[in-house]
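K.L.:
mind looking at a prediction? Sequence and model below.
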Amino acid sequence: MRNFIRIRNKRIAAFLLPLATAAFLLTLGTVTQAAAQHSEQPGKNQNMQTVRTGFAPVNGLQIYFEIHGVASPTQPPLVLLHGGGDTIQTSFGQILPALASGRQVIAFEQQGYGHTADIADRPFSFEQSADDAAALLEYLHIERADLFGYSNGGTIALQMAIRHPKAIRKLVVASALVKHDGAYPWLWDAMANAKVENMPQVLQKEYLKVAPQPENLRMMHDKAVQRMRHFKDIPADALRSITAPTLVVIGDADVIRPEHAVETFRLLPHAQLAVLPGTDHMQVTTRTRWLASMIGGFLDARAIK
């Protein structure tokens, strides 16, 4: 059984990509870039929450975004940062309605992912993605937000807290890599041999369904792989500089070592740690009952000074 789990995780971790295998709970419909550019389109998801979609002109990109629910005068919006190779749906399709039931949630797709067209000669980087996310918040006139980053999105969330601290109130980072040795060695072996043909089919299908340039699937895959192959450790001092309260989440069978999550938790000045039992990388954001409750309680709690 242990060998089976290891083999399954190697396939899942072609380049640290989460695989959402359960049915999606949101039905937002595809919005073409030509129709939605510089605009917002209202709609409803299956839970009858208000949903607006649009494209934001940010750093040379047209970033696709969704706004679920209405703004609250007492709590900032929660911004979702998806994993590598993902879309909003494949990272957060199950948990998003639960999160949006009590607060405004903003989700968007990063450079070259999902509905957001790529810039061919601009590589993917965690730092650039953090800057793009901060610029999106500025475009939406949001001065301060909470962040929930999953997988690569968790690393981006930490970079945002380092590079744009005034824009962040609280952080939730799930299955996030901070140091190269934070992942099991077999993950890096898989990265060295990653091919688009081995990319999980559910991720390929979702990309092809919504991408404005579906022929760029291989380019998206290869850029995501390169970003991981050249992963640079986040310095310990940079993590210690993060003042935002942070909830660190990991699955006990994740591609990230539990020791790494504990180390991250120790380095962050105001952190909490949650280890989800019986949970691998692909299952983290599908643990809706556990995770939505923990995130809601963490975000609603008054910060201890």
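P.N.:
Received it, and whenever you're ready, just let me know what you need.

K.L.:
measure V173 to S293 for me?
P.N.:
18 Å (Cβ to Cβ, to the nearest Å). No exception for glycine: its C-beta is placed from N, CA and C like everyone else's.

K.L.:
of the two, which one has the most company?
P.N.:
Higher neighbour count among V173 and S293: V173, with 30 against 12, using other Cβ atoms under 10 Å.

K.L.:
could you check the pLDDT of the nearest residue to that one once chain neighbours are set aside?
P.N.:
Closest residue to V173 apart from its sequence neighbours, by Cβ to Cβ, 6 or more residues apart in numbering: G154 at 3.8 Å. Listed pLDDT for G154 reads 98.

K.L.:
so G154 makes contact with M160?
P.N.:
No: with contacts counted by Cβ atoms under 8 Å, G154 stays clear of M160, the gap being 10.6 Å.

K.L.:
anything in contact with each of the two?
P.N.:
The contact sets of G154 and M160 do not overlap (Cβ atoms under 8 Å, 6 or more residues apart in numbering).

K.L.:
what about the helices in the stretch 1-150 of the chain?
P.N.:
For the stretch 1-150 of the chain, the helices defined by DSSP state H, counting those that start in this stretch occupy 2-12, 33-36, 88-92, 96-100, 126-139.

K.L.:
among the ones you listed, where is the model least confident on average?
P.N.:
Among those, helix 33-36 scores lowest, with a mean of 32.

K.L.:
how far does stretch 53-68 sit from the chain's center?
P.N.:
Centroid separation for stretch 53-68 versus its chain: 16 Å, with Cα atoms, centre = their mean, to the nearest Å.

K.L.:
and if you look at stretch 104-113?
P.N.:
On Cα atoms, centre = their mean, the centre of stretch 104-113 falls 8 Å from that of its chain.

K.L.:
state the mean pLDDT of that stretch.
P.N.:
pLDDT averaged over stretch 104-113 gives 98.

K.L.:
repeat for stretch 265-277
P.N.:
Here the average pLDDT along stretch 265-277 is 98.

K.L.:
quick one: buried residues of that stretch?
P.N.:
Judged by neighbour count using 16 or more other Cβ atoms under 10 Å, the buried positions of stretch 265-277 are F265, L267, L268, A271, Q272, L273, A274, L276.

K.L.:
also stretch 199-216?
P.N.:
M199, P200, V202, L203, Q204, E206, Y207, V210, A211, P212, N216.

K.L.:
ok, now stretch 241-258?
P.N.:
Buried residues in stretch 241-258, defined by neighbour count with 16+ other Cβ under 10 Å: 242, 244-251, 253-257.

K.L.:
show me where pLDDT drops low in this structure?
P.N.:
1-49, 303-305 (pLDDT under 70).

K.L.:
check contacts around the residue nearest the centre of it.
P.N.:
With distances taken as Cα atoms, centre = their mean, H82 lies nearest the centre of the chain, 2.3 Å away. Residues in contact with H82 (Cβ under 8 Å, 6+ apart) are 88, 90-92, 107, 109-110, 113-114, 150-153.

K.L.:
related to what we said a few turns ago, how close does the residue nearest to V173 sit to V210?
P.N.:
G154 is 23 Å from V210, by Cβ to Cβ.
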